[in-house]
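Chemist: turn this into a model:
(2 chains)
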Amino acid sequence: MAKRSLADQLDQAIQAVLAAPESVRPEAHPNLSALLGIAAGLRDLPRQEFKLRLKSDLERKASMAAAAVNPIPEGFHSITPYLIVEGADRFLEFLKQAFGAEQKLRVPRPDGRIMHAEVRIGDSPVELADANTQYPPRPTSIHLYVSDADAVYQRALQAGATSTHEPVDQPYGDREAGVKDAFGNYWYIATHKAAGAGRFIPEGLRTVNIYLHTKGTADVIEFLKRAFNAEEAARHESPQGTIVHAKIRVGDSILEMSEAHGPYQPMPTGIHLYVNDADAVYAQAIQAGATSVSAPADQPYGDRFAHVKDPSGNSWFIATHIKDVQF
Amino acid sequence: MAQGRPLLKARENSPDERPLIEAAQRDPRRFAELYELNFDRVYAFIARRVHNREEAEDLTSEVFHQALANIQRFEWRGTPFAAWLYRMAANAIIDRWQSVSKQQVDPRRDAADLAALEEIEQRAMLFQLVDSLPPDQRRVIMQRFVEQKSIREVADELGRSEGAIKQLQLRALENLRARMEGAHG
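Modeler: Have a look, this model is predicted:
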């Protein structure tokens, strides 16, 4: 009977706790008081269905994360030059003959012009396309490291390029020549003699490296730091304080730069930049002073893609690979 | 963080969590184990300040999604995983309040307050003990406290008398009390 009455009293008190959670009254019965303390705690008891549903949501998300694709597609680096030329099919042939480029992808337009193509030269991808009204030709300077600069220089001339300078030993350890191809691009063809046995590329560089000749290089470097979290790997200045050579790291790649001088004037370049989060980098670049050409959007080929122009006129194609698409 | 005891205790309650965290960092599918160990704590932390059930669930969900997304950033320095979750929970609550109004106690204080953490730990333990009750007692507790049904409604649903349901409720609370004390002893 006493037990029965305790059950009734308890329920009455629980009813009060449920109705007005903050008002747990002290009870005369010490046992009842302790039980009411427990009851007050149970008011916040989570729903079992919620706990299970959240668990399965998290498991689904974790599986997706485990299966997530690399934000930089296979074979690419943070930075890839995107060369836009008139006559991309002829340019493709030139790259094969002169530099042994290997064609990886060629997406034609209905009129036969190249919408997009990818080749590989040595350890580096290079992208190219035919120019159109939206994307006019963008001649680019490329620093190309090869095992035999003299031989590649000759091959480039045979393939139709013109010499800008013959192979010469430079004080910084490179055997270096220069050509200009029929599409307006400059190629600095070099063998780094100081790289050690069996190697011909300086530390941190690759076969294909974009070389930017810029005006106000120090300011451009500051922009790259703010826009793309770039880091200065090297900077060499003349006694007058002009930047004669800088290596700027963006992600896993190096961008080479120097202050424009003589024939080496700014050539606004197309730079394909792969990042982990295209939206965030796009926003950061705009904040740093870039101009938006197109906001981030998912593309049918599996990338999230945005396009900005930096204050020097270079086009940055900011991309994150979000899914693998079979063509 | 200066406080040691309740958090240490939280660690003592769980198997060594470091290998679990490292496993989840290698493979996010292993996060489920960390979730099971910490769900009740996080929910209790949030429910202490957020009395609306839907809102508490929303915030709990936000914290665990955030934890999963950022698991790589958790650095093992001897700080319990729960402390990291509590900080996220406190920030999530504050974010929510800013969009409503500025009223309640700052939940960041709970995350650094020994007494509050002890209470949250107790609450989480209570939630876990409900699962260990005999099925009929557990059912009554869930219906009465989670679904907030009246004794009559529970009695109708389970086909028992109101008196029997009150008895089950009493026995369940006595059991929980004894097990809480057992856990402390």
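Chemist: helices of chain B, residue ranges please.
Modeler: Under the criterion DSSP state H, chain B contains helices at B:5-13, B:18-26, B:31-47, B:53-69, B:81-98, B:107-110, B:114-130, B:135-141, B:151-158, B:162-184.
Chemist: and those helices: which comes nearest residue A:259?
Modeler: Across these, residue A:259 has its closest neighbour in helix B:53-69 (42.8 Å, Cβ to Cβ). Every residue, glycine included, has its C-beta placed from N, CA and C.
Chemist: the closest one packs against which elements?
Modeler: If you count contacts as 3 or more Cβ pairs under 8 Å, 6 or more residues apart in numbering or on different chains; DSSP states H and E, helix B:53-69 packs onto helix A:48-66, helix B:31-47, helix B:81-98.
Chemist: most packed of those?
Modeler: Counting by mean count of other Cβ atoms under 10 Å in any protein chain shown, helix B:31-47 has the highest mean neighbour count of the helices and strands packed on helix B:53-69, with a mean of 23.
Chemist: same for that helix, what does it pack against?
Modeler: Using 3+ Cβ pairs under 8 Å, 6+ apart, helix B:31-47 sits against helix A:48-66, helix B:18-26, helix B:53-69, helix B:81-98, helix B:114-130.
Chemist: CSV please, covering those helices and showing mean pLDDT and distance to residue A:107.
Modeler: Output for the helices and strands packed on helix B:31-47, formatted as CSV (pLDDT from 0 to 100; distance: least, Cβ to Cβ, whole Å):
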stretch, mean pLDDT, distance to residue A:107
helix A:48-66, 88, 29
helix B:18-26, 87, 37
helix B:53-69, 95, 34
helix B:81-98, 90, 45
helix B:114-130, 93, 57
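Chemist: can I get those in TSV with distance to residue A:268?
Modeler: As requested, the helices and strands packed on helix B:31-47 are arranged in TSV below (distance: least, Cβ to Cβ, whole Å):
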stretch	distance to residue A:268
helix A:48-66	38
helix B:18-26	42
helix B:53-69	37
helix B:81-98	42
helix B:114-130	58
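Chemist: and the closest residue to residue A:290 other than its chain neighbours, helix, strand or coil?
Modeler: Leaving aside its chain neighbours, residue A:290 sits nearest to residue A:308 (4.0 Å; criterion: Cβ to Cβ, 6 or more residues apart in numbering or on different chains). Secondary structure, DSSP: H, G, I helix; E, B strand; the rest coil: residue A:308 is strand.
Chemist: correct me, but residue A:308 touches residue A:318?
Modeler: Yes: the pair residue A:308 and residue A:318 passes the contact test of Cβ atoms under 8 Å, sitting 6.6 Å apart.
Chemist: looking at the two, which is more packed in?
Modeler: More crowded of residue A:308 and residue A:318, by other Cβ atoms under 10 Å in any protein chain shown: residue A:318, with 28 against 23.
Chemist: using PDB, write out the CA atom coordinates for stretch A:200-213.
Modeler: Listed in PDB are the C-alpha atoms of stretch A:200-213, where the atom choice follows Å, rounded to 0.1, in the frame of the first residue of the first chain:
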ATOM      1  CA  PHE A 200      68.100  18.100 -65.400                       C
ATOM      2  CA  ILE A 201      65.300  20.000 -63.600                       C
ATOM      3  CA  PRO A 202      66.000  22.300 -60.600                       C
ATOM      4  CA  GLU A 203      64.500  21.400 -57.300                       C
ATOM      5  CA  GLY A 204      60.800  22.300 -57.100                       C
ATOM      6  CA  LEU A 205      60.300  22.800 -60.800                       C
ATOM      7  CA  ARG A 206      58.800  20.500 -63.500                       C
ATOM      8  CA  THR A 207      59.200  19.900 -67.200                       C
ATOM      9  CA  VAL A 208      56.700  22.700 -68.000                       C
ATOM     10  CA  ASN A 209      56.700  25.900 -65.900                       C
ATOM     11  CA  ILE A 210      54.800  29.000 -66.500                       C
ATOM     12  CA  TYR A 211      57.000  32.100 -66.700                       C
ATOM     13  CA  LEU A 212      55.300  35.400 -66.100                       C
ATOM     14  CA  HIS A 213      56.900  38.700 -67.100                       C
END
